[in-house]
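# coords please:
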Amino acid sequence: MSRELLISSLFLIFIALAAGQLAFAQTASPTPELYSKQTLSDLSRLQKAALDSDYAYRQTRYMTNNIGPRLSGSAQAQRAVEYVADEMRKAGFQVRLQKVMVPVWVRGSETAEVVQLPGMAAGTTQKLVITALGGSIATPSDGLSAEIVVVDSFDQLRELGRAKIEGKIVVFNHKFDRELQSGGFGLAAYGRAVQFRAGGASAAAPFGAVGVLVRSAGGSYERLAHTGGTNYAEGINKIPAAALAPEDADLLAHLASEGPTRVRFTVTPKTLPDAPSYNVIADLKGSERPNEIVLVGGHLDSWDLGTGALDNATGVAVSMQVPVLINQLGLRPKRTIRVVAFMNEENGGAGGRGYFDEVRNSLDQQFAAIESDLGASHPLGISYSGRPELAQFLAPISKILAAHGTAHLQQQPGGIGADTSLLTRAGVPSFAPFFNQQTYFKYHHSAADTFDKVNPKELAELGSLMAVLAYGLANLEQPLPR
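Numbering: from 1, shown residues only. Sure thing, here's the model as predicted:
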């Protein structure tokens, strides 16, 4: 075949194929759109309404200033349950309380001091700033006094062995990476530091340690101790565990390098029997697919040193705001939007497990899960966990949120929320706000987590993301990929 004839034949074949594709396109159904023009218009209205609203700010203020810290099993936690349920009922939503059994741990008193150090003036001590780690056992009533041994890692602990650890208090001095935090990756720094808080007591006890002091897993240098849970491994002797302010961890490391240094610390926590508490669940029923659920939530409990503003009254408040704003604008979601204020995220996770256990046999009806639990600074965009194709479903939403600098999309395969983690692992598409994390871990789990740290403009931006994302997913014209 000549070159000219070959080209002519290929051209005719191309024309025929193109004609066939055109005919198919004219007879086949068009590809369904992701969002209708009306939905996109409504999302823009919702975004603007959220930016102008102070609803979440006022709710955060009440939960923190009026109710206060909300540790699971406390009177304040119960008051918070009642308050959120009442607010959602007054706003016209179907509300129910889902019972969960939660641990009850009461902090008690906590003191610490250096009682022996190289060059010490006779008859003096040096005060240390500590706080008991959640779940810790108590020291003797008159305190626990012993020489310290300072380590930076679990490997160093093992290298020292029983001969150099037995009878001593182990000080874990792993430094929170503040350079990583200043670059906006505070969560990564926290992930590296928190292992010593969670596992330090169980790692040190087999070597004969009598107690542990753990450098705070936080990025502040204001002599604050950051609390959080510690875990006792089964079959290992329980020893008292407390967090130590970073400056005091530096002090002890220096003193121990000069010679024998002895510390006395006292913590008097109590662990009481588990008690009933509740997730608060409020539904704005969908108009077309009411059995398909778009969950939006945060955790209602908090640690007890501050008032739990950033962790996580703000997350609950922006979740409550979602259906309130939708109603105010006269909008109707096609799917049900469900607000869940989870209980016991901080020291047990009973709320997340309880919700999952209830829906585990109907996971196909859990359309999406959105959780806000990483503070309330300016949101950069949306994190998602699930199939990579979810990004194209988020793109129109991201375009609307770009108006206030919240356009970034980030896939996180490992999961993005504690309370929704079981849903994520079971295949439910999951979403969360994505933040620059330069400041959150300065306040996280500390006495500084109070209402004054909440920026009303940034909280409104977070509320806008939550509302636009939730309503957009509730009105999707297609199912999300799983």
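# which residues touch the closest residue to Gln366 other than its chain neighbours?
What sits nearest to Gln366 in space, not counting adjacent residues and going by Cβ to Cβ, 6 or more residues apart in numbering, is Val428, at 4.7 Å. No exception for glycine: its C-beta is placed from N, CA and C like everyone else's. When contacts are counted by Cβ atoms under 8 Å, 6 or more residues apart in numbering, Val428 touches 363, 366-369, 386, 420, 482.
# Quick check, Ile337 in contact with Val294.
Yes: if you go by Cβ atoms under 8 Å, Ile337 and Val294 touch, sitting 5.2 Å apart.
# which one of these two has more residues nearby?
Shown here are Ile337 and Val294; by other Cβ atoms under 10 Å, Val294 has more neighbours (29 against 25).
# Show the backbone phi and psi for the more buried one.
Backbone torsions of Val294, given as degrees, to the nearest 10, read phi -110, psi 110.
# Okay, and the beta partners of it?
Ile337, Ala368 (DSSP bridges).
# buried residues in the helix or strand harbouring Val212?
For Val212, the enclosing helix or strand under DSSP states H and E is strand 211-215. Buried residues in strand 211-215, counted by 16 or more other Cβ atoms under 10 Å: 211-215.
# before we move on, the earlier item: can you lay out the contacts of Val428 as TSV showing pLDDT?
Formatted as TSV, these follow (pLDDT from 0 to 100):
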residue	pLDDT
Leu363	98
Gln366	98
Phe367	98
Ala368	98
Ala369	98
Gly386	91
Thr420	98
Arg482	94
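# Write a PyMOL command that selects only the buried members of the residues you listed.
Selecting only the buried entries of the contacts of Val428 in PyMOL, with 16+ other Cβ under 10 Å as the criterion:
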select buried, resi 366+367+368+369+386+420
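# Which pair of the contacts of Val428 spans the longest distance?
Thr420 and Arg482 (14.8 Å; Cβ to Cβ).
# Please enumerate the strands of the stretch 151-300 of the chain.
169-172, 211-215, 241-244, 262-267, 270-284, 289-299 (DSSP state E, counting those that start in this stretch).
# other SSEs contacting the fourth one?
Packed against strand 262-267, as judged by 3 or more Cβ pairs under 8 Å, 6 or more residues apart in numbering; DSSP states H and E, are the following elements: strand 110-116, strand 130-132, strand 144-151, strand 211-215.
# Spit out the contact partners of the residue nearest the centre of the chain.
The centre of the chain sits closest to Asp373, judged by Cα atoms, centre = their mean, with a distance of 3.4 Å. The contact partners of Asp373, taken as Cβ under 8 Å, 6+ apart, are 298-299, 311-312, 315, 345, 417-419, 432.
# Can you convert the strands of the stretch 151-300 of the chain into TSV and add a column each for distance to Gly119?
Formatted as TSV, these follow (distance: least, Cβ to Cβ, whole Å):
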stretch	distance to Gly119
strand 169-172	19
strand 211-215	21
strand 241-244	21
strand 262-267	14
strand 270-284	38
strand 289-299	47
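# picking that back up, shared neighbours of Ile337 and Val294, which are they?
In contact with both Ile337 and Val294: 470, 474, using Cβ under 8 Å, 6+ apart.
# where exactly do the helices run in this structure?
3-27, 37-52, 55-61, 75-90, 154-165, 178-182, 186-204, 246-258, 314-328, 350-359, 390-401, 421-425, 440-443, 456-474 (DSSP state H).
# if we look at the second one, which residues are touching it?
Okay, so that is helix 37-52. Residues outside helix 37-52 that contact it (Cβ under 8 Å, 6+ apart) are 35, 321, 325-326, 328-329, 331, 396-397, 400-401, 403-404, 460-461, 463-464, 466-468, 471-472, 475.
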